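**Q** Here is a sequence together with a model predicted from it:
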Amino acid sequence: MSSSMQLKTATGSKQIRLRMEMLRFLAVVFAYIAAGRLGLSIPYLSPNVSLIWLPTGVAVAALMRWGKRAVPAVYIAAFLLEFSAGYSLAVAAWLAIGNTLGPNLTCWILRRERFDRFFSRRKDVIWFSAAATVGMMISASGGALTLWRYGLTDNIVKVWLSWWAGDAVGVLLAAPVLLSLSYRTVAEFTQRHKEVLIFALIFVGSNWFIFLSPHAHIRLTFIAVTVMIWPAMRFGISAASLAVLASSAIAAWATATGRGPFNSDDAQGNLLILWGYMTTLVIVTLIITALQTESKRAADELREAFERVSKVASRLPGLIMQYRVSPDNSTGVPYASDAIRQMFEIRPDEVRHDASALFERIDRADVEKAKPLIRHAGRTLTSWQTEFRLRRLNGQVRWLYIDALPEPEPDGGMLWHCFITDITERKQAEHDLQIAAFTFESQEGIFVTDANWTILRMNQAFNRITGYENADLLGRKPPIYKSKQQDRAYFDNIAELLKENKFWQGEMWSKRKNGDIYPQMITLTAITNAEGEVSNYIASFTDISRHKSYEEEIRNLAFYDSLTQLPNRRLLMDRLQHLISLSKRSDNHSAILFIDLDNFKTLNDTRGHDAGDLLLVETASRLQTCVRDSDTVARLGGDEFVVVLEELSIVRDEAVQQADRIANKIRMLLSEPYHIMDFEHHGSSSIGVCLFHGGDITVKDLFKRADTAMYEAKTSGRDAVRFFDPAMQAVLVVRMMLESNLRVALAQNQFKLYYQVQVNADGQLIGAEALLRWIHPDRGFISPAEFIPLAEETGLIVPIGNWVLETACAQLKKWEAKEDTRHLTLAVNVSAKQFQQVDFVEKLRSMLLRTAINPTRLKIELTESTILDNVDSTTAKMHELRELGIAFSMDDFGTGYSSLAYLQRLPLNQLKIDRSFVRDISDDENDATIVRAIISLGVNLGLNVIAEGVETLAQRSFLIEHDCHAFQGYLFSKPLPLEGFQELLKQSRQAQSAA
């Protein structure tokens, strides 16, 4: 093309663009002024402030469509419109500026939010409404300020609100029509002209009835909103917004002419209601249109996605199908690709709700063979594969292969994702071309040998998996990896199965060329000739190292402790069950060691769980060094470990010695210092051992017995080894029952106080010692030696001791009421645990106030161990109680390690000589010496001395001779219940009266 031609073409294009720009300019000016004249026909405020100002919608549409090029047209149109309305040049110029800036701000907001002019999203409606609201604030502000500045209004707020409302509704009404209108929408209207015509008739009729008919005074505007749903749902944004504009125009015209539901005496109020109606109508219509567009788009996307999936599925060499089994065992096929028509000769809709037709022509033998596979896959949620035969309608049998994966459904049903392929040709190829089919290059390693196992061919996958090249093995026998599990007998068994079945499949360990050992899944097939003799062997295999690693990882998670890597409880239970089964056929004994780390919780609490974990790991390591390879070390959880010793001696005593030797070895090793983080930890362990032999015991019983023995080791002081003994279990059972009964004894008033008299050298009763007795409703009398230690251990001694003190105080109060008993004292034994309670003094003080007894008549007996356990605290409490008037007696004196310094500090009133010294004072010079020393010590310290366990006159005489003048024992009376004690008091009074 010549330069002159190019110049002419460029000039022509430029002229066309100029003409188009001029047409747009004129169109904007004309539309703006025409819409403005229409708005000025419905004034709301003077001067010329209309509540329905459509020019703003024209301006927004022009700016959105043509951008900055439309700004001059908008400004000039606004200026001409305002000037023609009667404003001065200056006022019109300023008003035009505001009328231009407002739409520009609206368009800037919409472009920033990527506004779609077809209102295809709800966010487009929201941002359009918001942008119109915000942008028109500019035009309203400019207009109101200009009118106020030039003295054309004195109510700037009312003018601003009316201006803003009119501009905003003008954008909402006019802009959607002008923005969305296009050739495409006009073409759609033309194609659906019948429906459009019907809607137009209904639209005109309904709007006439609402706004122009004789019944227009009835409030039926909701009908107009209802009618707007039709174009919003069916015709799109252009028709819907045009219908809204038309309906609004009819409503405005009716209101301006004094008709319609918005007509009343308040003209300005009428227009305000009209403004609200139009605003509501346009927003509702736009939102419905956007929702419909979004729904249609989502449906289209879903349909397109489904079509894409269907296209992909149709090109796959098989059938993709979903098979659902409902909780009521009904079946159906929710989805099946078109391949079902050709493969099963059935339509998808025929089996959508009832899949029984799929199985009518499947070979029954194949169905029965697949049932256990399906059940197993359903339980374990693993895929399953199988081959089956299908008889077609023409009688032909086809081989199909299915690969299915189950997925549980929320309602309890099961959805199977299936892929089915027709493998008939493959089956035929396997039969006709056996060697050729097996040597086909695939991901499996394949090699072919002759009848003597000499390799004839191998594929590339074989080279890749094994590392061997063809030159390494062609003409040679395949390398065989032998081990303890794959010995000669293992391979001889494979040869026998090949000879019998002509097929063998299984896992086998093999060796690569570089020496690496790996697992493989291998299939061996024997090919026979016409005479039935083996001519070739074909082997195909895959490397299953990754699968094996997954299996090993799963096995470790299921059967091994994650911290110590020792067998966990599940694996231990399995091994013990297996060991018990083997014990039925073996004469050897076995043993289970239950190991608990002492004070492990203290380490966790003081040093943190990280230190505790390190201790557990180190403990596991030490335990493994103490046992043989055939033994088992396991961790139950927390700080509990179990060691299972197998193949001990067949002689029980020797087996006991072996188990004891290993247990003590473990105990000593676990007692050695642990270097944990930045400190040294000294620990110990308690070990319970249970020997077993034969199959007459369960795993549960073994655990129970070993735990019982371990508990015995704990109670014996820890850092000990104890063997289970049946008597030990019986004692624990009795102890548990006793503890259970002891907890309800106090509530059921089963305890009684017995009283043993205390007399002086003249034979007069000076008091008594209160002794606790338990009268069980079923077992009768239970010895204090049996239940007191248990009460001490369980902490029940505290409430029981409080009951004893309460009862003793109540009895003292009764004695005070009588002349002949008010001089008696009552001694009460208080346990160390009770006395060490922080509120013991307060509780006793409360008892004294409540019973109002003479506290000097109450004597508390404490043992040496109680007093010396915490001398400072005990001394302080004794002094507090001594100030209340309570006396103290040191019980069992001489059996402990009291020092004279402590005795001088303690506020004691009395020493009680233990019965063990009194019993043999007449025969044992050592006991006599000790008794004389105790009496002398008490006298020198200014303390009263009383001897318990006095049973003979000789003992009484000895004690009197050495200045002990108070006694207690069977010589005077055994402990008596209250009734017996009162009878004894009565007899004593009668004897004194007779004397």
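**A** That came in fine, so what should we check first? Numbering: from 1, shown residues only.

**Q** so Thr821 is in which element?
**A** Under DSSP states H and E, no helix or strand contains Thr821.

**Q** Roughly how far does the nearest residue to it once chain neighbours are set aside sit from Gly885?
**A** The spatial neighbour of Thr821 that comes closest, neighbours along the chain excluded (C-beta to C-beta, 6 or more residues apart in numbering), is Trp815 at 3.9 Å. Glycine gets a C-beta too; all of them are placed from N, C-alpha and C. The gap separating Trp815 from Gly885 is 16 Å, by C-beta to C-beta, to the nearest Å.

**Q** next one: Ile52
**A** In terms of C-beta to C-beta, Ile52 sits 103 Å off from Gly885.

**Q** which one of those two has more residues nearby?
**A** Ile52 (27 against 13; other C-beta atoms under 10 Å).

**Q** Helix, strand, or coil at the more buried one?
**A** coil (DSSP: H, G, I helix; E, B strand; the rest coil).

**Q** residues touching it, list them.
**A** Gly39, Ile42, Gly166, Val169, Gly170, Leu173, Ser248, Ala252, Leu271, Leu274, Trp275, Met278 (C-beta atoms under 8 Å, 6 or more residues apart in numbering).

**Q** rerun at 6 Å
**A** Going by C-beta atoms under 6 Å, 6 or more residues apart in numbering, Ile52 touches Gly39, Ile42, Gly166, Val169, Ala252.

**Q** Which one of those residues is nearest to Arg389?
**A** Val169 (74.9 Å; C-beta to C-beta).

**Q** Retrieve the pLDDT associated with Leu46.
**A** Let me fix one detail, which is that residue 46 is Ser and not Leu. pLDDT recorded at Ser46 is 55.

**Q** Pretty sure Leu753 sits in a strand.
**A** Yes: according to three-state DSSP, Leu753 belongs to a strand.

**Q** What average pLDDT does the helix or strand harbouring Ala27 get?
**A** Assigned by DSSP H and E, Ala27 falls within helix 3-40. Averaged across helix 3-40, pLDDT comes to 77.

**Q** mind listing the strands for the stretch 1-150 of the chain?
**A** With strands called from DSSP state E, counting those that start in this stretch, the stretch 1-150 of the chain shows them at 43-45, 49-50.

**Q** In JSON lines, list the contacts of Ile52 along with neighbour count.
**A** Listed next are the contacts of Ile52 as JSON lines, based on neighbours: other C-beta atoms under 10 Å:
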{"residue": "Gly39", "neighbour count": "24"}
{"residue": "Ile42", "neighbour count": "19"}
{"residue": "Gly166", "neighbour count": "27"}
{"residue": "Val169", "neighbour count": "27"}
{"residue": "Ala252", "neighbour count": "25"}
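
**Q** Out of those, which comes closest to Phe559?
**A** Of those, the one sitting nearest to Phe559 (C-beta to C-beta) turns out to be Val169, at 75.6 Å.

**Q** Verify the stated contact: that closest one with Gly276.
**A** No: using C-beta atoms under 6 Å, Val169 is not in contact with Gly276; the gap is 9.1 Å.

**Q** Could I get the contacting residues of Ala90?
**A** Ala90 touches nothing, counting by C-beta under 6 Å, 6+ apart.

**Q** Now do the same for it: its pLDDT.
**A** So Ala90 comes in at 88 (pLDDT).

**Q** Spatially nearest residue to Ala706 (excluding sequence neighbours)?
**A** Phe594 (3.6 Å).

**Q** which secondary structure elements does the helix or strand encompassing the one you found contact?
**A** Taking DSSP H and E as the definition, Phe594 sits inside strand 590-597. Packed against strand 590-597 by the contact rule (3 or more C-beta pairs under 6 Å, 6 or more residues apart in numbering; DSSP states H and E) you find strand 640-645, strand 685-692, helix 699-715.

**Q** For the stretch 151-300 of the chain, which segments count as helices?
**A** Along the stretch 151-300 of the chain, counting by DSSP state H, counting those that start in this stretch, helices occupy 156-180, 183-191, 193-207, 221-234, 237-256, 267-315.

**Q** Let me know the pLDDT of Asn394.
**A** In this model, Asn394 carries a pLDDT of 89.

**Q** What of the one 4 residues further on?
**A** Arg398 is assigned a pLDDT of 90 by the prediction.

**Q** tell me which strands and helices the host helix or strand of it is in contact with?
**A** If you go by DSSP H and E, Arg398 is part of strand 397-408. Applying 3+ C-beta pairs under 6 Å, 6+ apart, one finds that strand 397-408 makes contact with strand 384-391, strand 414-422, helix 424-432.

**Q** change it to 8 Å
**A** helix 364-380, strand 384-391, strand 414-422, helix 424-432 (3 or more C-beta pairs under 8 Å, 6 or more residues apart in numbering; DSSP states H and E).

**Q** Quick one, which of those gets closest to Pro408.
**A** Per C-beta to C-beta, nearest to Pro408 of the helices and strands packed on strand 397-408: strand 414-422, 6.1 Å.

**Q** Now do that closest one: everything it contacts.
**A** 316-325, 334, 343, 378, 398-409.

**Q** List buried members of those residues by neighbour count.
**A** Buried members of the contacts of strand 414-422, scored by 16 or more other C-beta atoms under 10 Å, are 318-321, 323-325, 343, 378, 398-402, 404, 406.

**Q** tell me the two of the residues you listed that are most distant?
**A** Longest span within the buried ones among the contacts of strand 414-422, C-beta to C-beta: Gly378 and Arg398, 26.2 Å.

**Q** quick one, what contacts the nearest residue to Tyr75 once chain neighbours are set aside?
**A** Sequence neighbours aside, Thr100 is the residue nearest to Tyr75 in space, at 4.6 Å (criterion: C-beta to C-beta, 6+ apart). Listed by C-beta under 8 Å, 6+ apart, the contact partners of Thr100 are Ala59, Val71, Val74, Tyr75, Ala78.

**Q** Kindly report the same for Glu792.
**A** Ser831, Lys833.

**Q** Which pLDDT does the model give it?
**A** Confidence score, pLDDT, at Glu792: 83.

**Q** Would you mind measuring from it to Ala489?
**A** 66 Å.

**Q** Check Ala745 too.
**A** 70 Å.

**Q** Of the two, which one has the most company?
**A** Neighbours per residue (other C-beta under 10 Å) separate Ala745 from Ala489, with Ala745 holding more: 21 against 7.

**Q** so that one makes contact with Arg773?
**A** No: using C-beta atoms under 8 Å, Ala745 is not in contact with Arg773, being 11.1 Å away.
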